[in-house]
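Peer 1: Dropping a prediction and its sequence here:
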Amino acid sequence: MEHYGATVMRTAYFYTGDRHLAEDISQEVFLRAYRTWTSFRGESAVKTWLTTIAVNVCRDKMGVRMFSEQPTDPSRMERGRTISVEEEALERLKKSELLQHVLRLPLPYQEVLFLYYYSDLSTPEIADATKTPEGTVRNRLHRAREALAREMKKEETYNDGYGS
């Protein structure tokens, strides 16, 4: 838990957008990992295995409500601190320009961008974690980057055209 707790917490927070629910999910992830440790075959890294469990628990808990709230940048979240300064910082991050662009993308693109850039998972690891073919993951990552570039260019053109 000490080594991978922050990774699991960030993943859960990304999916839920709710700190308390993310903490509950993180506990459940480690309970499941503890109960099924003997079934871990070592075919992937422990981080990938725990991320897979976290993604599955989040999907189970959230269902279609996934991403209904807009999460903040999970890489900036620290576990265990709940002071008002942190809450204020999280609110500012919620409004960050890049994250807002990412949140306008389709959910599969959001997911692959998060797992690749925030969780530092490779495309094979993302494929394992999401139970998606690796080719599909690479395709989504490529299309997500293109869509993000278009979205940002559109905003830039809009702002230039209206003097903002």
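Peer 2: All right, it came through fine. Remember, predicted model here, so these are calculated numbers, not experimental data.

Peer 1: Quick one: the helices in this protein, in order.
Peer 2: Taking DSSP state H, the helices of the chain run over residues 5-16, 19-35, 46-62, 84-94, 97-103, 107-113, 123-130, 134-161.

Peer 1: and those, which is most packed in?
Peer 2: helix 5-16 (a mean of 23; mean count of other C-beta atoms under 10 Å). Every residue, glycine included, has its C-beta placed from N, CA and C.

Peer 1: could you give the angle of that one to helix 123-130?
Peer 2: Relative orientation of helix 5-16 and helix 123-130, computed by axes from the mean of the first three to the mean of the last three C-alpha atoms, to 10 degrees: 60 degrees.

Peer 1: Now do helix 5-16: distance to the chain's middle.
Peer 2: In terms of C-alpha atoms, centre = their mean, to the nearest Å, the centre of helix 5-16 is set 7 Å apart from its chain centre.

Peer 1: Ok, stretch 142-151 next?
Peer 2: Taking C-alpha atoms, centre = their mean, the mean C-alpha location of stretch 142-151 is offset from the chain mean by 17 Å.

Peer 1: How about stretch 141-150?
Peer 2: When distances are taken as C-alpha atoms, centre = their mean, stretch 141-150 is centred 17 Å away from the chain's centroid.

Peer 1: what does stretch 21-29 give?
Peer 2: Averaging C-alpha positions (C-alpha atoms, centre = their mean) puts stretch 21-29 14 Å from its chain's average.

Peer 1: Would you mind checking the average pLDDT for that stretch?
Peer 2: Computed over stretch 21-29, the mean pLDDT rounds to 93.

Peer 1: ok, now stretch 56-63?
Peer 2: 82.

Peer 1: quick one: least confident helix or strand in this structure?
Peer 2: Sorting the helices and strands of the chain by mean pLDDT, DSSP states H and E puts helix 84-94 at the bottom, at a mean of 54.
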